[in-house]
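Novice: Provide a 3D model corresponding to the input given below.
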Amino acid sequence: MSKNRPIPPVRKFMTAAPHTIGYDQTMDRAHHLMREYRIRHLPVLRADRLVGVLSDGDLHLVETLRDVDPHKVTVEEAMTTDPYTVGPDTPIDAVVGEMARHKYGSVVVVDNGHVVGVFTTNDACRAFAEMLHTHLV
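Specialist: Model (predicted):
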């Protein structure tokens with residue numbers, strides 16, 4: 001017998017109050033934050049407004065370019081502009097579907113114009129494991 005449960009919202013599995021970085025900070029600072037907090041994605045803010053997202057992959061790609069000094073090059077030059085964003089009540093199946101379709105590594109969760117969370121592929125795996133457990137046990 002199947003259990004009909006509502007699909008949970010992304011807020012249930014997102015990392016709330018994520019670390020962020022200013023667009024004018026250096027790539028070196030971004031590396032430091034990612035290492036210190038063991039994260040791979042940083043929402044990028046300009047005056048408290050989301051302007052992009054920076055992944056460890058973005059940093060590594062830019063650093064392979066000639067004449068890039070991570071102590072001088074800013075996050076703005078390495079970030080992905082126009083990141084995929086959702087509201088905290090967006091059903092998780094819709095979020096994961098878009099992530100898979102576009103091969104996004106993260107989603108920035110925004111509420112009333114403010115970054116309130118980040119949902120990554122790791123969070124998607126955790127959500128999947130929990131849902132399998134609750135639906136098959």
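
Novice: which residues of this protein fall in helices?
Specialist: 27-37, 56-63, 75-78, 92-102, 121-136 (DSSP state H).

Novice: which outside residues touch the fourth one?
Specialist: Looking back up the chat, that one is helix 92-102. Residues from elsewhere that reach helix 92-102 (CB atoms under 8 Å, 6 or more residues apart in numbering): 7-10, 12-13, 84, 86, 104-105, 107, 119, 121, 124, 127-128. To be clear about C-beta, it is placed using only N, CA and C from the backbone, and glycine gets the same treatment.

Novice: the helices of the chain: which one's closest to Ala17?
Specialist: Minimum separation from Ala17 across those (CB to CB) falls at helix 27-37, 11.8 Å.

Novice: list buried residues within the contacts of helix 92-102.
Specialist: Among those, those classed as buried by neighbour count (16 or more other CB atoms under 10 Å) are 8-10, 13, 84, 86, 104-105, 107, 119, 121, 124, 127.

Novice: packed most tightly, which of the helices of the chain would that be?
Specialist: Of the helices of the chain, the one with the most neighbours on average (mean count of other CB atoms under 10 Å) is helix 75-78, at a mean of 20.
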